[in-house]
Structure formats: structure tokens, C-alpha cells
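Q: I'll drop the sequence and a predicted model, then ask my questions.
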Amino acid sequence: MKPLDELVKAVAALFGAAGFAKSGRRYLLMPPAGAPGNAVLAAFAPFTGDQTKVGFHLEWAVIPSAAFAFHAGSKSPSITWGVIADRVPAPPAFVTGSATELWSYPASEGPDRCAAAITEVLTGGLLDRLLAFQDPDQVLQAIDEGSLGTGLPTEIPRGRPWRYLSMHIDDADPSDLEPLLNQLQGAPMGNPFQDWWRERLAARSLG
């Protein structure tokens, strides 16, 4: 087993206790079947550098449940599907150089020390915040408050209408959704989302 996979396995109990399911180097928490809401994805992305060290980014994304329908046929979800996404900064003991989001530790020492640090970071408030983001309104509130950083780029544009539509296309009142769709008419990044959202909304009306 590769060192990074040993680390991913070492934090399985932490993610499992919160309801996440493991798949490779990813942990995914889905909303209840048939219920509106967001999924949360955590992924360990390897970083190839010093061969004597284990380097990786710990990335997360909050993914609207409708995104799984949009990407039907994909084998696994991606961080890029997120309505918001970011990387978890590493504690100083695991930072090499100036890249504070790049975790690194000697491959010879095993995963336990790093797994303990990840557990401390996540249980220090980040995991609770990610779980709260299953509620789309919590995401919108954080956006409105400006409490989110720049984050990672995703396929969903950053404007509030895009984010609202991506999370509420299946449960908001159509009278609230139609003006937003009209507002985005002709936007440079309107397709394929805009057309798909209109089809999704039309399918709702057909019941």
C-alpha cells in the first residue's frame, strides 16, 4: 500500500463516524436518498515532489445533489462539481516552504502523526462547518457574509444566481427560479448549465 493510501485509511474512522463513505482516496457524504441538499466530498490529491516525503492536498467540495444528475454516467464525483470548494491548510509542522495548503511529512515515519493532525483540524470546527453546508441556505449565507475564501475554481460560476440555481433547481418555487434563469440568459458561461436547468425545471412541472 502506498504511503498516501495508508494515511487515507488511517482517517477512515473519523470520516466514517460522520457518515462519509470511502472510495479510493475520497470520502463522500450524500444527502438522504430523494432529499434535497448538498453532498460533501473530501479528497486527498497527491503531490509529486520530494520522493522522500508524502505530499498531498486535502481538498473539499460542497456538491449540489442535482450535480450528480447533470454528470450522470461519471464514475466518481469531482471536486470541480462543487458549488464551493477549497483546500485545508496544513499546520506548520506539515508545511514545507511557503505553500501552506500542501501537506508533507517523511514517508519513512508512517501515517499516524499526520492522521492525528488531520483529525485535530477537522474536529476543530471544519468538519462541523462542512456538515452544515449540506443545507443550501447555509452555503448562501456564508457567501452573502463573505466568510468564504477565494477557494478552488469549480465548473459552477461564482455569482449568487448560479449558486442558487445549482442548489435549488429541484426544490425552489418555479416562480423564484424563472427570473434567475432569465437573468442569466445569454451569459458567456450559460451553457450547458442554463439549458439543463431549464429542462430540469420543465420536468418538474410535468410531475
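A: Perfect, thanks for sending it.
Q: Name the residues of the helix or strand bottoming out on mean pLDDT in the chain that come out as buried.
A: The helix or strand of the chain with the poorest confidence is helix 193-205; it has a mean of 87 (mean pLDDT, DSSP states H and E). Of all the residues in helix 193-205, those buried under the rule 16 or more other Cβ atoms under 10 Å are F193, Q194, W197, R200, L201. The C-beta positions use only the backbone N, C-alpha and C, and glycine is treated the same way.
Q: Tell me the helices and strands packed up against that helix.
A: helix 66-70, helix 160-168, helix 174-183 (3 or more Cβ pairs under 8 Å, 6 or more residues apart in numbering; DSSP states H and E).
Q: for the residue positioned nearest the centre of the chain, helix, strand, or coil?
A: In the chain, the C-alpha closest to the average C-alpha coordinate belongs to A61, at a distance of 0.8 Å (Cα atoms, centre = their mean). When the structure is split into helix, strand and coil by DSSP: H, G, I helix; E, B strand; the rest coil, A61 lands in strand.
Q: Specify the residue ranges that define each domain of the chain.
A: Following the assignment in automatic domain parsing, the chain carries domains at 3-145, 160-205.
Q: This structure: helices as residue ranges?
A: Secondary structure of the chain by DSSP state H: the helices cover 3-10, 12-17, 66-70, 112-121, 127-132, 136-145, 160-168, 174-183, 193-205.
Q: Next, find the distance separating S65 from A10.
A: Distance from S65 to A10, counting by Cβ to Cβ, to the nearest Å: 29 Å.
Q: same question, W81
A: Distance, W81 to A10, by Cβ to Cβ: 26 Å.
Q: the more surrounded of the two?
A: W81 (22 against 18; other Cβ atoms under 10 Å).
Q: Fine by me, thanks again.
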